[in-house]
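*Asks:* this one's sequence-less:
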């Protein structure tokens, strides 16, 4: 019976060669695209997932202000903040900090310019789950003029030799001893160090004040929060603490600074945007509650719930809460989406009368664009001036 089915199918394929070819090619291309998309999504969703403590690790991002306006937004902020939070807040279980550097490393006749070099403290391997192959992650970075190499970097300079105990010359001047080797970082990691030089080396040349400097930027600070700590609640405690530590010195020059928490999975994207950062922090909490396998299911359920809900429910003309938000935005002369308070009278008049009124996306539905001269609704005080 199966032989007959096979013969009939084969005859149909040869009888309609062109349509059969189009169908088979379309199916093959579709399946190949599906597999590639799945691989890409899996790669992106597993960014930094090899860290065992990824759900409680946060980078401290710094904003500096001058005369009330943002002057710089740095992922690498001041050196003191990580240590200060660790010493003053019980929610912080551990911290690490490091500074990026570059230069030419030499071993005999072998020379390479290294761009992914960091001066890191001893808790680096306590925070991040880079597998140490030779040496000890803590003691190997304990003394000045010591460093650890990634596996590929060690092979680049020493081949199959044991690199521990040997030295590399930095910029033809300083000799730094190799004290350990660690496994290369995966490709989907935001942090890919090739060489880790001990933090004490920096302290030797710059002095101990580098540990407590609030006005010296260029240092990456990461903290490990207690698993029960809400990152948004903890972040709200930072402004008064920073004001207490630096307020008097900052006010003297009209300066200021703010710090924000960036979760590990969101550092491949622009996590400085407040809405995106809050979303990533929410995902971080959700991941902790549901586990790694429960998060996709919850996200899928939310997507289906939103997409399958009648659009009229989210229509601002019928949804009372959305209508109130829009009315309040108009009364306060604020943009309904961005909250911009400096619209100006002319632009506000155009919005109210419908001249050049922009389509605003709110609650997943675009507001209707009115015709020229059409009013959105009567103004209680007449046409604004």
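*Replies:* Sure thing, it's come through. Since the model is a prediction, treat every value here as computed from it, not as a measurement. Numbers count the residues shown, from 1 in each chain.

*Asks:* what ranges does the stretch 51-200 of the chain have for its helices?
*Replies:* In order along the chain, the stretch 51-200 of the chain carries the following helices (DSSP state H, counting those that start in this stretch): 80-88, 124-127, 151-158, 199-206.

*Asks:* in a markdown table: the ones you listed, plus distance to residue 252.
*Replies:* Quick note: C-beta positions are derived from backbone N, CA and C, even for glycine. As requested, the helices of the stretch 51-200 of the chain are exported to a markdown table (distance: least, C-beta to C-beta, whole Å):
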| stretch | distance to residue 252 |
| --- | --- |
| helix 80-88 | 18 |
| helix 124-127 | 35 |
| helix 151-158 | 45 |
| helix 199-206 | 24 |
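
*Asks:* of those helices, flag the one that's most buried.
*Replies:* By mean neighbour count, with neighbours taken as mean count of other C-beta atoms under 10 Å, helix 124-127 ranks first of the helices of the stretch 51-200 of the chain at a mean of 21.

*Asks:* that one - contacts with which helices or strands?
*Replies:* When contacts are defined as 3 or more C-beta pairs under 8 Å, 6 or more residues apart in numbering; DSSP states H and E, helix 124-127 sits against strand 92-107.

*Asks:* sheet partners, orientation included, of the strand it packs on?
*Replies:* For strand 92-107, the paired strands and their directions (DSSP bridges) are strand 110-120 (antiparallel), strand 167-170 (antiparallel), strand 219-225 (antiparallel).

*Asks:* winner for burial among these?
*Replies:* Of all the strands paired with strand 92-107, strand 219-225 has the most neighbours on average by mean count of other C-beta under 10 Å, namely a mean of 23.

*Asks:* just checking, what packs against the helix or strand that comes right after that strand?
*Replies:* Going down the chain from strand 219-225, the next helix or strand is helix 231-236, by DSSP states H and E. The criterion is 3+ C-beta pairs under 8 Å, 6+ apart, and the helices and strands that helix 231-236 contacts are strand 255-263, helix 274-290.

*Asks:* thinking again about what came up before, for residue 84, find the nearest of the strands paired with strand 92-107.
*Replies:* Of all these, strand 219-225 sits nearest to residue 84, with 9.6 Å by C-beta to C-beta.

*Asks:* contacts for the closest one?
*Replies:* 53, 56-60, 75-79, 81-82, 85-86, 91-100, 118, 127-128, 231, 234, 261 (C-beta atoms under 8 Å, 6 or more residues apart in numbering).

*Asks:* try 7 Å
*Replies:* 53, 56-60, 75-79, 81-82, 85-86, 91-99, 127, 231, 234 (C-beta atoms under 7 Å, 6 or more residues apart in numbering).

*Asks:* what's the answer for stretch 236-248, then?
*Replies:* Contacts of stretch 236-248 from elsewhere in the structure, counted by C-beta under 7 Å, 6+ apart, are 84, 88, 214, 257, 258, 259.

*Asks:* swap the cut-off to 6 Å and go again
*Replies:* Contact partners of stretch 236-248, identified using C-beta atoms under 6 Å, 6 or more residues apart in numbering, comprise 214, 259.

*Asks:* list the buried residues in that stretch.
*Replies:* Residues of stretch 236-248 classed as buried under the neighbour-count rule (16 or more other C-beta atoms under 10 Å) are 238, 242, 245, 246.

*Asks:* for stretch 99-109, same thing?
*Replies:* Applying a neighbour-count criterion of 16+ other C-beta under 10 Å, one finds 99, 101, 105, 106, 107 buried in stretch 99-109.
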